[in-house]
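generate a structure from the sequence data that follows.
(2 chains)
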Amino acid sequence: MIDFIKDNLILDDPLILGANISILLTVIGIVFVLTYFKKWKWLWSEWITTVDHKKIGIMYILAALVMLFRGGVDALLMRAQLTVPNNAFLTSDKYNEIFTTHGTIMIIFMAMPFLIGLMNVVVPLQIGARDVAFPYLNSLSFWSFMFGAILFNISFVFGGSPDAGWTNYAPLAIEGSPGPGINYYLLGLQISGIGTLLTGINLIVTIIKMRAPGMTLLRMPMFTWTTLVTAFIIVFAFPILTVTLALMTFDRSFGTHFFTLTGGGNTMLWSNLFWMWGHPEVYIVVLPAFGIFSEVISTFARKTLFGYKSMIISLVGISLLSFLVWVHHFFTMGGSAAINNIFSITTMAIAIPTGIKIFNWLGTLYKSRIQYTTAMLWAVAFIPTFVIGGVTGVMLGMAAADFQYHNSYFLVAHFHYTLIAGVVFACFSGLVYWYPKMFGHKLNERLGKWAFWFFAIGFNVCFLPQFLLGFSGMPRRVYTYVPEDGWTLLNVISSIGALGMGIGFVFIVYNIYYSFRYAKRETTGDSWDGRTLEWATTTAIPPHYNFAVIPEVKSLDTFWFNKQETGKKEKVEYKEIHMPNNAGTPFIMSALMFVAGFGLVFDLWWMAILGGLGIIACMVIRSLRSHKEDEGFHVSVEEIKKTEQSFHEEA
Amino acid sequence: MFKKIKPFMPIVAGLSLLVLSGCSDLIVLDPKGPVAATQRDLIMLSIYFMLGIVAVVFVVFTFILVKYRDRKEFNDKDYKPDMHGSVKLEIIWTIIPVIIVVVLAVPNAIALYELKGQPESTADKEPIVIQATAVDWKWIFSYPEENIETVNYVNVPEDYPILFKVTAADSMASFWVPQIGGQIYGMPGMVNDLFLQADEPGVYEGRNSNFTGEGMAHQEFDFVALEEEDYRNWVEETQENEPKLTKGTYEKLMLPETVEKMTFSSTHLNIVDHGQNPAYAMKIREKYGIREKSEGNEDGKVDGNDSNESHSNH
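Take a look at the predicted model:
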């Protein structure tokens, strides 16, 4: 056992040794603080076992911010290495591990959980529900995501990170990488993927079944609409990932030959299956982002969303097309002219619904009254930057030209323009916008704007030069180059921009601390003069039951119109509210998934089997006890009165 | 203050792009052969369209952002909070992108079919066939007709259609000579055809652009276009003076490492066809006790020693 740890714990690299020590110190610090302030019980009963969608959402977002830090450090390390030619800051091996973890973490463990976190907090409130349809499942989703993320992240200090790129192409990831790194990738994604799939199911049922009376489908806020469509994409796309990951796990651990070089495997099968999930995945992160921008723009433009119905039609259009374009990730595979042609057309066709959306947002801003809050700045900056991402996407979609762009920095620049301007800007915008709903105070606007300008300008300085690097023939994923390549100047500029983004992120983190200390506490549930139901709660942070009385919906932007109708306040009559119980099994079950996953990573069969049996035992226990656990409890009328009134007195 | 600067940012960015492009060799846009030229034309066409779209959106965007910002002297007549759509406008901005997509799809389709065949300018010449094989982390070129094999460089006559048959011995690689033509994958167990042609003599950079592990950044080759006479001479001299490619030498080429340029007067095609036998390189590595990447650090050192020994043994 000690030998096993000694073999795998990485101590020879000063960077990783530093990380080891700081992780250790952080863990000791956390344990100390929790013990000293006697917060263990609080942590268990208020957070770990909670089934409250708002708390789960907050935990998702916190985890995503930590992952954003990790992925961002990866990015800065890569930029440091590439700033000058012939740089020896990182070895090829380290660089390969870093770009692999950067890509995987940013997509799977940052973008998705950030958005799922916002969905969790916002969607039930927006549709006037008390929680999601399956609160227990929601907790299980979160914890399996979390333990999947932990499993993936420990790779860099224990055994070595995956190093075959986030696309993990075969056969490199099978015959080319014998260590545990790729296993970490396969199992980490597998475990967190379970959580994502469950979330997708949960959100569909929640939105279909739990809308407040009067909220027809065509009265749903745009963020709820995008969440619904995204959830459908998840349910259709993630099973492909699950199976694909499982097949490669079989190849690596059990000697099957699905994607191998030897024994008649087909290496291209991996690429196809990966992108059949991977392309819809891009839309899983970008569609909710569109929803966030729609909410924010409409709120701060003080105007109804332009073209609500065409927004929905284009949304559904994009989601269907997202399953029909995967081949454009490898036009160079040697497919016939006809095949490349078809996928060129489907790819370029995505520009049509996306263009409709862009113009609808512009239409919303037209004849509006724009307030440039921080949230709005992120949303507004998204439009021109995403247009650049979009038009370069069309250029890449032209297969005959793509033969020149493929695997080059032109591609790298393109997808960062879509994913950062589309998704990261949206995450920040949504965070600032819904922050008072989660924490009862706003984020400081001044600091927020500093963060915005550093990040947005830094982003363009970082990635615009990379389009040109593509035209200069620089391939992605190279860890070094020579001065004769002529890529130096553009790389220097790019690194400066990356630094700007880093400073922007520091401002965001500092802002969270600063606002926690000094920001004015909100006195109403309606921080921004909002339009949708999440702002209709009586308290700034909604009580755990969300609404004392379920609101009735009469139109789109129902809260906005209710506010216009002046005067008459009806006397409300409270009734007992039925709420679900906390549950500890999701946490334990997910921890056991981690154990089983870790066992599979290192081929420690006893550990994998024990973990697996534990998971089954948890399911059995849950099944036997669910009739009791699911009874839930009732919030008494007195408690509701107390909660609602105490707040009004304060106000 | 920021609000006023913001709209001008794209313009500033655009200008600085122009300046920057002067500082760098945009080799993709400087083609030296008909294939890359076709692709350059297509790229430029799309760039013009895209710049047009970007310009229109940015102008409208800037105008709206400035005009409708909330301020003291805001004109209430400009504020229509309940305006929720316009069928006419929405149809217009659906149809225009459709037209643009169609306009771009047609030349793209034509180019796709064109690139599958021999370049038109030399349609009368019989193409020279060269098999290009990617191995971690080198390129091996076989001339079956001439019975020549080169490593990490390929000599071709100018103004001559070359049919590359691209494959790989291990990892999936992408064959790319930016100034001559765009990429095609080399995959174990499969062979892809790619016609290329150089219009003028010169040495052009070629490389693998697909990630193949540790040495990928160095998996480069020279694409050398010679005058036809020089090429014929080179072929003759090589056939006379260079050594034959032995099985042992070829097996060593299968090991994952970078090597110098090499030339042989026979090809590996009678030793193995990677298009038919994707497992070959793996079997050779097993024979030499090599795994591409060590499992633990200590193991790695042992592996490294093994490989050195096996080198000296041969």
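
tally up the residues packed near the spatially closest residue to residue A:540 that is not a sequence neighbour, please.
In this structure, residue A:540 finds its nearest non-sequential neighbour in residue A:522, 3.7 Å apart by C-beta to C-beta, 6 or more residues apart in numbering or on different chains. Yep, even glycine has a C-beta here, placed from its N, CA and C like the rest. Close neighbours of residue A:522, defined as other C-beta atoms under 10 Å in any protein chain shown, add up to 19.

show me the contacts for residue A:522.
Contacts for residue A:522 (C-beta atoms under 8 Å, 6 or more residues apart in numbering or on different chains) come out as A:436, A:440, A:441, A:442, A:540.

make JSON lines out of those residues and add pLDDT and secondary structure.
Putting the contacts of residue A:522 into JSON lines (pLDDT from 0 to 100; DSSP: H, G, I helix; E, B strand; the rest coil) gives the following:
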{"residue": "A:436", "pLDDT": "96", "secondary structure": "helix"}
{"residue": "A:440", "pLDDT": "94", "secondary structure": "coil"}
{"residue": "A:441", "pLDDT": "96", "secondary structure": "strand"}
{"residue": "A:442", "pLDDT": "96", "secondary structure": "coil"}
{"residue": "A:540", "pLDDT": "89", "secondary structure": "coil"}
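
out of those residues, which is nearest to chain B?
residue A:442 (18.0 Å; C-beta to the nearest C-beta).

my guess is residue A:480 contacts residue A:83. True?
No. Contact criterion C-beta atoms under 8 Å: residue A:480 and residue A:83 do not qualify, at 10.9 Å.

contact partners for residue A:397?
A:328, A:344, A:347, A:348, A:350, A:351.

separation between it and residue A:69?
According to C-beta to C-beta, to the nearest Å, residue A:397 stands 33 Å off from residue A:69.

for residue A:341, which non-adjacent residue is closest in space?
In space, residue A:341 is closest to residue B:109, 5.0 Å off (C-beta to C-beta, 6+ apart).

phi, psi of that neighbour?
phi -60, psi -40 (degrees, to the nearest 10).

how about residue A:604?
phi -90, psi 90.

which residue sits closest to it, ignoring its sequence neighbours?
residue A:598 (7.5 Å).

ok, and whichever residue of the stretch 351-500 of chain A sits closest to chain B, which helix or strand is that part of?
Proximity of the stretch 351-500 of chain A to chain B (C-beta to the nearest C-beta) peaks at residue A:403, 2.5 Å away. Using DSSP states H and E, residue A:403 sits within helix A:399-405.

just checking, what packs against that helix?
Contacts defined by 3 or more C-beta pairs under 8 Å, 6 or more residues apart in numbering or on different chains; DSSP states H and E place helix A:399-405 against helix A:337-349, helix A:374-397, helix B:34-67, helix B:87-116, strand B:181-186.

I'd like the next helix or strand past it.
helix A:409-418.

residues of the stretch 401-550 of chain A that sit close to chain B?
For the stretch 401-550 of chain A, the contact set with chain B under C-beta under 8 Å from any C-beta of the partner chain comprises A:401-404, A:406-408, A:449, A:453, A:457, A:460, A:464-465, A:468-473, A:475-481, A:486-487, A:489-490, A:493.

mind doing that once more with 6 Å?
The interface of the stretch 401-550 of chain A toward chain B, taken as C-beta under 6 Å from any C-beta of the partner chain, is made up of A:401, A:403-404, A:406-407, A:460, A:468, A:471-473, A:475, A:477-480, A:486, A:489-490.

state the distance from whatever residue of chain B ends up closest to chain A to residue B:232.
Closest contact between chain B and chain A, by C-beta to the nearest C-beta, is at residue B:182 (2.5 Å). As judged by C-beta to C-beta, residue B:182 and residue B:232 stand 29 Å apart.

of these two, which one has the most company?
residue B:182 (29 against 13).

got a pLDDT number for the residue of the stretch 351-500 of chain A closest to chain B?
We note a pLDDT of 97 for residue A:403 in this prediction.

what's the burial count for it?
The burial count for residue A:403: 26, using other C-beta under 10 Å.

residues in contact with it?
A:332, B:182, B:183 (C-beta atoms under 6 Å, 6 or more residues apart in numbering or on different chains).

excluding chain neighbours, what is closest to it?
Using C-beta to C-beta, 6+ apart, the closest residue to residue A:403 is residue B:182 (2.5 Å).

the one you found and residue A:405 touch, don't they?
No. At 8.1 Å, residue B:182 does not count as touching residue A:405 under the criterion of C-beta atoms under 6 Å.

got the residue ranges for the strands in chain A?
A:577-579, A:633-635 (DSSP state E).

could you dump those strands to a markdown table with mean neighbour count and distance to chain B?
Formatted as a markdown table, the strands of chain A follow (neighbours: other C-beta atoms under 10 Å in any protein chain shown; distance: least, C-beta to the nearest C-beta, whole Å):
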| stretch | mean neighbour count | distance to chain B |
| --- | --- | --- |
| strand A:577-579 | 17 | 35 |
| strand A:633-635 | 15 | 37 |
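
need the ones you listed in TSV with distance to residue A:553 and mean pLDDT, can you?
Shown next, in TSV, are the strands of chain A (distance: least, C-beta to C-beta, whole Å; pLDDT from 0 to 100):
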stretch	distance to residue A:553	mean pLDDT
strand A:577-579	19	91
strand A:633-635	23	90
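
dump the ones you listed to JSON lines, plus distance to residue B:73.
Listed next are the strands of chain A as JSON lines, based on distance: least, C-beta to C-beta, whole Å:
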{"stretch": "strand A:577-579", "distance to residue B:73": "49"}
{"stretch": "strand A:633-635", "distance to residue B:73": "51"}
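
now do the contacts for the residue in the stretch 501-650 of chain A that chain B sits nearest to.
Nearest residue of the stretch 501-650 of chain A to chain B: residue A:556, at 8.4 Å (C-beta to the nearest C-beta). Counting by C-beta under 6 Å, 6+ apart, residue A:556 makes contact with residue A:219.

and the gap between it and residue A:44?
For residue A:556, the distance to residue A:44 - C-beta to C-beta - is 42 Å.

how far is stretch A:428-442 from where the chain is centred?
17 Å (C-alpha atoms, centre = their mean, to the nearest Å).

go on, stretch B:146-158?
19 Å.

same question for stretch A:351-361.
With C-alpha atoms, centre = their mean, you get 23 Å for stretch A:351-361.

what's near enough to touch the residue lying closest to residue A:275 once chain neighbours are set aside?
Nearest residue to residue A:275 in three dimensions, chain neighbours excluded: residue A:326, at 3.9 Å (C-beta to C-beta, 6+ apart). The neighbours of residue A:326, taking C-beta under 6 Å, 6+ apart as the test, are A:275, A:276, A:279.

okay, and which of the residues you listed map to helices?
A:275, A:276, A:279 (DSSP state H).

fine, thanks again, bye for now.
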